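Engineer: From the sequence below, what's the structure:
(4 chains, ligands or ions: 2)
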Amino acid sequence: MYTQTFPVDVIRRDFPILATKVNAHPIIYFDNAATTQKPLAVIESINTYYRYHNAPVHRGVYKLAANVTELYEKARQHIAQFINAPSADQIIFTRGATEAINLIANSFGQQQIAKGDIILVSMMEHHSNIVPWQQLCQRKGAILKVIPLTEAGDIDLQAYRSLLEEYPVKIVAIIHVSNVLGAVNPIAQMTQLAHQHHASIVVDGAQAISHMSVDMQALDCDFYVCSGHKIYGPTGIGFLYGKAALLNVMPPYQTGGAMIETVTFEQTRYAAPPQRFEAGTPNIAGVLGLDAALSYLERIGGMPSIEAHEKALLTYLYQKLQDLPSVQIIGAPAYRAALLSLTVHGVHPHDLATFLDHYGITARAGHHCAMPLLRHYQQVALLRFSLGLYNTRQEIDSVVKRLQQAVEELGHG
Amino acid sequence: MYTQTFPVDVIRRDFPILATKVNAHPIIYFDNAATTQKPLAVIESINTYYRYHNAPVHRGVYKLAANVTELYEKARQHIAQFINAPSADQIIFTRGATEAINLIANSFGQQQIAKGDIILVSMMEHHSNIVPWQQLCQRKGAILKVIPLTEAGDIDLQAYRSLLEEYPVKIVAIIHVSNVLGAVNPIAQMTQLAHQHHASIVVDGAQAISHMSVDMQALDCDFYVCSGHKIYGPTGIGFLYGKAALLNVMPPYQTGGAMIETVTFEQTRYAAPPQRFEAGTPNIAGVLGLDAALSYLERIGGMPSIEAHEKALLTYLYQKLQDLPSVQIIGAPAYRAALLSLTVHGVHPHDLATFLDHYGITARAGHHCAMPLLRHYQQVALLRFSLGLYNTRQEIDSVVKRLQQAVEELGHG
Amino acid sequence: MDETLQELYQDLILDHARNPRNFGYCQHQTHTFEAYNPLCGDRIVLSLQIRHDQIEQAYFTGEGCAICMASVSLMTEKITQQSLDEVEQLFEDFINLLTDASLTNKALQDCEQRLGKLAVLRAVQAFPMRVKCATLGWHALKKSCFEKSV
Amino acid sequence: MDETLQELYQDLILDHARNPRNFGYCQHQTHTFEAYNPLCGDRIVLSLQIRHDQIEQAYFTGEGCAICMASVSLMTEKITQQSLDEVEQLFEDFINLLTDASLTNKALQDCEQRLGKLAVLRAVQAFPMRVKCATLGWHALKKSCFEKSV
Ligand SMILES: Cc1ncc(COP(=O)(O)O)c(C=O)c1O
Ligand SMILES: Cc1ncc(COP(=O)(O)O)c(C=O)c1O
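Structural biologist: Ligands and ions are numbered 1, 2, ... in the order given. Sure, this is the predicted structure:
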């Protein structure tokens, strides 16, 4: 029983929002892929920062500033260690995954891509891993090509291999875990193939890092991006990991204070990474809160035990949903992280979401910022259940029961 | 007496950090230009958001998401009203002033500037209002020219006029209040001149908005940028104001989710402003905290009374410093917001800062991200005192006393 | 289903959502507009035949949630054979009914009377995230009648 | 001045800061390096004459705070007439003294003994934001002796 190894009932007490109600029903939060809830440890770390430590980082010789700078750089080290990056200097703070991809596309991409080059994205990308590359292609006269999916909803590795062989691919931009299908992509293998063909690989880890251990040295990818708010941390903070050899020669993205060696009106000399890529005052409270989130995850047992707990939940949810004949789960990937999307015959996902919400169940309906993928499945909207570490079997029971009720009361007679 | 109209002793209790000590000395926070301290109202608003309201904005039909979206958009309206912008759609959230300027330079600037065009910046700009324009010039083959200062440290309006007349100036990028000199620049007048010569004007208001009322319709500038953490709000949030006619036709800056109408692999259609410029999940807690900060400022009497209080403090500080023969205050601008920088004969600013810090006084020493200005004054580092709404005459007394002690104990004999 | 939800998903609405009326295109279409809600993917194409400032026929196609489909289905029934002036009044009434919480009782009654069956959609007011669904077809109507022609 | 501060700003340090020794350039300079701390603007140009793996002369110019100036002034005195091996040992000792809080008493004593007068800068350990000031000249030394030549 998962409850023995993972004390979810105790853990739930760390999340104040889980004790609130919606329409007099206890909240059941199943939109963790959009954003996760925050443990008290995170909320308190922000509170403490503003109450006792607030000061600018990397400037100011006074103690308050020195203390904050130390906390800030320790957070960077913590993140590096959490994802097994070789060095903290390879972690760059951004607002989130979206900004991180934009940074890579506009610095590394701008530097590397020339007319006629090929950039590969997959059919299951989130808009944030499509549009920046599309724009780069437009600027450079490069070409965006799409890695197709198999029938089951996995990356078609055969097709991927062919694309790499056939075309001058320079960059592969790939989602680690699909925010719609839940599919876990074989990043290590895809990286190896990309590197064999002298392509770089940028991995969107926004949905992966909260569900499993990710290891930069094992994956060997060139870039990896994450959002803090999707891993139980604050909003407005995220980071990217990059290979040192690439970061060292990349031009800055945003420019301004803190990323500079010298400025004259004629010329500016930039600092080394990571500072080069962190112009202006950063989201300090966000960085410290993210640090606290990672500490919290470690304290409750670390990613392997969270993954085991969520895997058991997902299996349970999957089985219960399969008993509902009008429910169709989208895709059947080989490995799935704890989220899935579905349609219900005869009831629109938005009506389902409103119905469920009425009973305290927060689930997302829509295109999930993955319009091309939805078009591929000939859908305009899906209902998504995405689980987090604090979800329980009882919650799944309630959700499935309400879903069934919705089918009966809103569906075709 | 300012204490009668502005109850600073009561107000100080709203700032928990002001009750802390450094080396057993009560903290005297004189680095408000770097970042301001946060009132409880701001800290609590963040706390409340994460405890009870945390959800994604602009997506999700469920109630939690709807509530947050409403709070988020109300904050935008509040900001618009605070700076008298015609419409909330003209407020775009960014990480801070630095990102806001980068956005303008990379979207508007990229669109408007052609080879041979001139961009004007002043001699007193912060790096964040130099380097993005420098980069734009490099990309476009445009030319950066510098508006010089008068002897007193004001913008040389005569020279500004000549530059506008002589050159094809397309953009003027100007600081509203200098973060080194404290000089308040005549933005309305400079805007009028720029517009007469068909140039657009971008105003860096990072140091202005916490010290005085700013009114977009009175200033009539094309863009205005601010950082939340410098106006008693959270880190990681700021905003830009832009004229609607310009924003409406500007291309996006960062791309990804939330700023999109439709995405196919061939083409993307972008949403209208402000969404077009807010890709990805925003710093929601930051936005709500900034909203709370503005409410707080209004509650304690609004900007005019804060300005009056600070003006009285500045005058007092200025007079006391003038009694110290080895202190040289940099610049003597016509109007000065509540900050100034100085040198002390025979003692390096860093040693002064360490000395003062030892007695609980946090003041900044360095180049203040304004190397060109420091070079102009033939300095490599200055000591800066920047005041906030919670500072007092007694604090000034202590600071001046300690500064005098530093001169005696560290100075030449 | 509990009460508030029941009010939203009344039989009339579910019926129109399942069996939309006037689904298709006017044979002699004079005005059309496609309205799209990027947030949820609802998409409505309105097809009108307008003659002498009167809507002779009103059809629509598209896909969307029950609220969206029922609203536009009921709308097409209502506006057929109405003058553009009447249509403009209906548009205002409908928007007010869904978004203006400060309507006087009198104004509300007038609204509801003019809107007839459409008044059932008043329940959407309690679901602010769904107002856009209910008004999507109406915005298409406004655009096609008053801002744009084929 | 209270005690911790007094330790940092000892007379020896203030004296060297006010009257830096070996200020200028070697007449027969063989190695040089300019070190710069962008945070505070401190800038040190080290000028060395090295012969047969021995530092014959050490001069410097530049500007910086008292800690920076005193450290490099004392350093130039110390390294003159030292072999490069000895200089490398001094570099390590100095860095350890300022940054390694876990040194054993014995190691500390050895460090301090080798460093002589320079050991006064140990007080900088209590001021982490000033460590860079104290070590700026030393990094220039390392660069000029071991990584770069004129
Ligand atoms: C005048 C001025 N402009 C811009 C900035 C940059 O603000 P931020 O670091 O919050 O982006 C600052 C603050 O350092 C400033 O003083
Ligand atoms: C797979 C994936 N990538 C990227 C993002 C963008 O993350 P953010 O909005 O935090 O920048 C998301 C979240 O919406 C996502 O699910």
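
Engineer: Tell me the pLDDT of the residue of chain C found nearest chain D.
Structural biologist: Across chain C, no residue is closer to chain D than C:P38, which sits at 44.9 Å (Cβ to the nearest Cβ). In short, each C-beta sits where N, CA and C put it, glycine included. Note for C:P38: predicted pLDDT of 77.

Engineer: Just list the residues touching it, thanks.
Structural biologist: Listed by Cβ atoms under 8 Å, 6 or more residues apart in numbering or on different chains, the contact partners of C:P38 are B:260-262, B:271.

Engineer: For the spatially closest residue to A:S326 that is not a sequence neighbour, give me the pLDDT.
Structural biologist: When the adjacent residues along the chain are set aside, A:S326 lies closest to A:H345, with 4.2 Å between them (Cβ to Cβ, 6 or more residues apart in numbering or on different chains). A:H345 is assigned a pLDDT of 94 by the prediction.

Engineer: ditto for A:L383
Structural biologist: Per-residue pLDDT puts A:L383 at 97.

Engineer: ok so, going back, next one: the residue nearest to A:S326 from ligand 1, what distance?
Structural biologist: When Cβ to the nearest ligand atom, to the nearest Å is applied, the distance between A:H345 and ligand 1 equals 51 Å.

Engineer: what residues are up against that residue?
Structural biologist: A:326-328, A:411-412 are the contacts of A:H345 under Cβ under 8 Å, 6+ apart.

Engineer: from these, which would you call buried?
Structural biologist: Burial by neighbour count, judged by 16 or more other Cβ atoms under 10 Å in any protein chain shown, picks out A:326-327, A:411 from the contacts of A:H345.

Engineer: Need the residues you listed in a markdown table (columns: pLDDT and secondary structure).
Structural biologist: Converted to a markdown table, these look like this (pLDDT from 0 to 100; DSSP: H, G, I helix; E, B strand; the rest coil):
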| residue | pLDDT | secondary structure |
| --- | --- | --- |
| A:S326 | 95 | coil |
| A:V327 | 97 | strand |
| A:G411 | 88 | coil |
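
Engineer: how about the strands in the stretch 301-413 of chain A?
Structural biologist: In the stretch 301-413 of chain A, the segments counted as strands under DSSP state E, counting those that start in this stretch are A:327-329, A:339-344, A:361-362, A:364-366, A:382-386.

Engineer: Just say helix, strand or coil for A:E99.
Structural biologist: When the structure is reduced to helix, strand and coil (DSSP: H, G, I helix; E, B strand; the rest coil), A:E99 reads as helix.

Engineer: what about it, how many residues close to it?
Structural biologist: Counted by other Cβ atoms under 10 Å in any protein chain shown, the residues lying close to A:E99 total 30.

Engineer: And it, how close does it get to A:Y270?
Structural biologist: 19 Å (Cβ to Cβ, to the nearest Å).

Engineer: What of A:F82?
Structural biologist: 27 Å.

Engineer: Report the spatially nearest residue to A:Q77, omitting neighbours in sequence.
Structural biologist: Nearest one to A:Q77, counting by Cβ to Cβ, 6+ apart, is A:A88 at 4.4 Å.

Engineer: what does A:A199 give?
Structural biologist: Taking Cβ to Cβ, 6+ apart as the measure, A:A199 lies nearest to A:V169, with 4.4 Å between them; neighbours along the chain are not counted.

Engineer: which residues touch the one you found?
Structural biologist: A:117-120, A:145, A:163, A:194, A:197, A:199.

Engineer: ok, A:L352 - contacts?
Structural biologist: Under the contact definition (Cβ under 8 Å, 6+ apart), the residues listed for A:L352 are A:344, A:363, A:365, A:383, A:403, A:406, A:410.

Engineer: Tell me which two of those sit farthest apart.
Structural biologist: With distances taken as Cβ to Cβ, the most widely separated pair in the contacts of A:L352 is A:A363 and A:L410, at 14.7 Å.

Engineer: Please identify the helix or strand for C:Q6.
Structural biologist: helix C:3-8 (DSSP states H and E).

Engineer: export that helix as CSV, just CAs?
Structural biologist: Once side chains and other backbone atoms are set aside, the C-alpha atoms of helix C:3-8 remain, and they are given as CSV (Å, rounded to 0.1, in the frame of the first residue of the first chain):
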residue,chain,number,x,y,z
GLU,C,3,-29.5,23.9,-7.5
THR,C,4,-27.2,26.5,-9.0
LEU,C,5,-25.8,24.0,-11.4
GLN,C,6,-29.3,22.8,-12.3
GLU,C,7,-30.2,26.4,-13.1
LEU,C,8,-27.3,26.6,-15.5
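
Engineer: name the helices or strands packed onto it?
Structural biologist: Contact partners of helix C:3-8 among helices and strands, from 3 or more Cβ pairs under 8 Å, 6 or more residues apart in numbering or on different chains; DSSP states H and E: helix A:349-358.

Engineer: tell me the angle the helix it packs on makes with strand A:339-344.
Structural biologist: Compare the direction of helix A:349-358 with that of strand A:339-344 by axes from the mean of the first three to the mean of the last three Cα atoms, to 10 degrees and you get 110 degrees.

Engineer: before we move on, the earlier item: so A:F82 and A:Y270 - more neighbours on which side?
Structural biologist: Neighbour totals were compared for A:F82 and A:Y270, and A:F82 leads with 25 against 19 (other Cβ under 10 Å).
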